[in-house]
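> build me a model:
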Amino acid sequence: MLSGRLAPWLGVLGLGAGGGILLNSADSNGSSNDVQLLATVPTRQQQVAHLSSSRPNQPFELLVIGGGATGCGIAVDAATRGLRTALIERQDFASGTSSKSTKLVHGGVRYLEKAVFNLDYGQLKLVYEALQERRSLLDNAPHLTHTLPILMPCYKWWEVPFYWAGLKAYDIIAGTRNLAWSKYLPPSESHRQLPTLAEQNHEGKGLKGAILYYDGQFDDARLTVALATTAAAAGAAVANYVEATGFIRDGDGQVVGVHCRDRQTGRKFDILAKVIINAAGPYVDKVRELGNKDVQHAVTGSSGSHVTLPEWYGSMYTGMIVPKTKDGRVVFMLPFQGHIVAGTTDHGCDVTDRPTATADEVKFILDAISDFLSIRVRPEDVLSTWSGIRPLAADPTISSNGTTNTSSISRDHLIFTDPDGLVTITGGKWTTYRRMAQDAVDTALATGRIGHTHQCVTSRLKLLGGQGYKPTLYTEVAQQASSLLPISAATARHLAAAYGDQAGRVLQIAADEKLGQELVHCQPYIEAEVVHACRCAQGCQSAGAGRQSLRHKDHMLECTVLVVAALH
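As a prediction, this is how the structure comes out:
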């Protein structure tokens with residue numbers, strides 16, 4: 001259905017009419033659609049040239065500002081509907097909040113508790129929607145996601161039936177799209193799942209068992225890059241390090257384009273579009289201020305900090321949720337890529353470009369998980385910390401009640417249109433990015449400035465890397481590698497998980513250009529990934545060197561030196 005949109009790219013890339021991948025998807029009504037994706041993603045230079053090609057008589061139909069999960073999701077949705085789509089990101093894809101999550105694809109256990117005890121239909125709706133989207137995300141990016149068992153320990157007898165009932169409700173709300181049924185585990189089985197689990201909690205109460213439930217886990221940075229490259233493969237013009245510096249308006253004061261600057265070359269150009277969507281996450285208000293310095297802010301910032309610990313503090317196969325800390329918050333301790341990730345915090349913060357975890361936040365996280373472990377977590381064992389800013393929605397058309405408790409603000413998303421026609425989307429959560437994108441494109445279509453298009457197809461659209469993925473891919477990658485170059489089993493497993501059915505391309509680069517050396521000693525990342533990222537993922541730092549995976553502070557300098565060497 002997209003051959004018209006892909007035609008310019010087929011010529012640029014030297015591909016014939018058959019130079020793409022044909023994916024079978026379905027629209028929201030269940031009818032079948034064929035989505036054609038380019039077999040080779042255009043280079044960044046080609047993308048920037050495409051972005052600067054718009055003219056008053058041939059504008060893009062949709063321009064997205066922001067290359068995080070929401071913005072890239074919108075670009076995928078719009079491009080696969082057949083819209084002439086553009087996306088710009090002033091830094092790297094997923095450089096902000098989208099790469100700093102807890103790595104969970106979840107409905108939100110604590111939101112369900114709020115829905116029940118506060119009789120809050122909005123929270124219940126959010127949980128239901130997130131649980132539906134959880135299944136879609138795992139299905140559409142199988143190489144970057146998996147199901148993760150999580151323990152909820154119980155140290156009081158009443159907690160066993162209470163948490164059991166709550167998590168059964170969580171399963172029931174998911175309905176036919178549930179991952180697996182939760183169940184009660186006695187203390188002995190709980191310790192087998194998580195050997196470091198405390199026999200007594202900080203109050204001296206003995207372990208009564210645990211409720212085991214299931215959510216999804218994912219590689220957030222790589223999934224954002226997969227969305228960006230899928231959008232580009234569907235015909236969208238997508239580029240990082242392109243900054244919007246101002247708006248272009250028509251005679252009626254409506255925004256019809258943006259002034260841009262390529263931050264890599266310094267070149268300035270304009271992009272014209274019928275509808276512009278502001279999806280800049282916590283920075284949406286800064287984008288709105290490009291047109292009006294006096295706009296009422298739509299975002300309340302909330303700091304979400306995490307720590308990385310050695311794997312021996314937990315289990316490599318099972319996570320843990322602290323259902324209620326001393327101050328009533330929720331903290332997770334989860335396995336992730338050979339380490340343990342613990343977090344998160346939730347309190348108001350200023351919106352800055354480089355948020356950092358404070359000493360108090362780190363201490364809070366370590367104290368919270370130590371209360372549920374048989375050993376104290378030592379501060380000197382912290383390998384790294386990071387913090388992201390949640391863009392909690394605060395409708396600018398409604399006066400603020402002055403609350404500073406960000407944990408009480410809904411995680412639902414908000415879409416509104418400013419008087420100048422700029423559409424802004426904010427709020428929401430990673431798990432619901434696809435539905436947020438669908439709603440944003442529907443809002444753009446409702447303006448009447450875009451003509452007829454196809455229905456949304458993303459609920460069953462596998463992202464690049466996922467179409468040919470299967471559980472045996474790791475074995476196939478290892479077999480292919482054995483005939484090309486020596487790599488470890490860990491590297492083969494990593495390539496299959498990170499690139500899915502595109503892993504063979506990375507292997508071929510490694511073999512052809514002798515780039516099979518590890519970027520970091522005893523880590524699975526190899527030099528060929530850097531070259532692949534620059535050629536096929538527009539030099540995305542989050543894809544090339546596994547920026548969000550290499551969290552150990554002692555590895556970063558070593559990796560940087562080898563990245564520079566690989567690029568030369």
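> for the rest of this, base every contact and every neighbour count on C-alpha atoms.
Will do.
> could you dump the helix or strand containing Met152 to PDB, C-alpha only?
In the assignment (DSSP states H and E), Met152 maps to strand 145-154. This file holds the C-alpha atoms of strand 145-154, laid out as PDB (Å, rounded to 0.1, in the frame of the first residue of the first chain):
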ATOM      1  CA  THR A 145      11.400  -8.200  24.700                       C
ATOM      2  CA  HIS A 146      10.700 -11.200  26.900                       C
ATOM      3  CA  THR A 147       8.400 -12.300  29.800                       C
ATOM      4  CA  LEU A 148       9.900 -11.700  33.200                       C
ATOM      5  CA  PRO A 149       8.700 -13.500  36.400                       C
ATOM      6  CA  ILE A 150       8.600 -11.100  39.400                       C
ATOM      7  CA  LEU A 151       8.200 -11.900  43.100                       C
ATOM      8  CA  MET A 152       6.100  -9.900  45.500                       C
ATOM      9  CA  PRO A 153       7.300 -11.100  49.000                       C
ATOM     10  CA  CYS A 154       4.800 -11.300  51.900                       C
END
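> may I see the buried residues of the helix or strand just after it?
For strand 145-154, the succeeding helix or strand toward the C-terminus, using DSSP H and E, is helix 159-174. By 16 or more other Cα atoms under 10 Å, the buried positions in helix 159-174 come out as 159-160, 163-164, 166-168, 170-171, 173-174.
> returning to that earlier point: residues in contact with the strand holding Met152?
Applying Cα atoms under 8 Å, 6 or more residues apart in numbering, the contact partners of strand 145-154 are 137-138, 160, 163, 179, 190, 207-219, 317-323.
> what's the average pLDDT for that strand?
Averaging pLDDT along strand 145-154 yields 97.
> read off the pLDDT value for Ser408.
With respect to pLDDT, Ser408 scores 51.
> so what's the residue count around Ser182?
Using other Cα atoms under 10 Å, Ser182 has 21 neighbouring residues.
> neighbours of the closest residue to it other than its chain neighbours, how many?
In space, Ser182 comes closest to Tyr213 once its chain neighbours are excluded; the distance is 4.2 Å by Cα to Cα, 6 or more residues apart in numbering. For Tyr213, the neighbour count with other Cα under 10 Å is 23.
> for Tyr213, helix, strand, or coil?
strand (DSSP: H, G, I helix; E, B strand; the rest coil).
> related to what we said a few turns ago, so of the contacts of strand 145-154, which ones are in strands?
The strands, defined by DSSP state E, take in 209-218, 319-322 from the contacts of strand 145-154.
> from what I can see Leu290 touches Ile248, true?
No - the criterion here is Cα atoms under 8 Å, and Leu290 misses it with Ile248 at 10.4 Å.
> doesn't Gly388 make contact with Tyr303?
Small correction: residue 303 is Ser, not Tyr. Yes - counting by Cα under 8 Å, Ser303 touches Gly388, with 6.0 Å between them.
> and stretch 110-120, which residues are buried?
So stretch 110-120, judged by 16+ other Cα under 10 Å, has buried residues 111-115.
> got it, and stretch 239-258?
So, applying 16+ other Cα under 10 Å, buried residues of stretch 239-258: 239-244, 246-249, 254-258.
> quick one: mean pLDDT for stretch 169-183?
pLDDT averaged over stretch 169-183 gives 95.
> what does stretch 363-382 give?
Summarised as a single mean, pLDDT over stretch 363-382 is 94.
> end-to-end on it?
The first residue of stretch 363-382 is 11 Å away from its last residue (Cα to Cα, to the nearest Å).
> quickly list what Thr147 is bridged to.
Gly216 (DSSP bridges).
> quick check: it vs Asn178, distance?
11 Å.
> start and end of stretch 136-154, how far apart?
Using Cα to Cα, the two ends of stretch 136-154 sit 31 Å apart.
> list the buried ones in that stretch?
136-154.
> tell me how far the closest residue to Leu212 other than its chain neighbours lies from Gly266.
Leaving out its chain neighbours, the residue that sits closest to Leu212 by Cα to Cα, 6+ apart is Leu151, at 4.6 Å. Distance, Leu151 to Gly266, using Cα to Cα: 51 Å.
> with Thr196 instead?
53 Å.
> got it, and Ala440?
For Ala440, the distance to Gly266 - Cα to Cα - is 31 Å.
> what does Lys429 give?
Taken as Cα to Cα, the span from Lys429 to Gly266 is 34 Å.
> these two: who's more crowded?
Taking other Cα under 10 Å, Lys429 and Gly266 do not tie; Lys429 has more neighbours (24 against 10).
> isn't that one right next to Ala393, touching?
No - here Lys429 lies out of contact with Ala393, judged by Cα under 8 Å, at a distance of 10.8 Å.
> what are the buried residues along stretch 513-533?
Within stretch 513-533, the residues that qualify as buried by neighbour count (16+ other Cα under 10 Å) are 515-520, 523-533.
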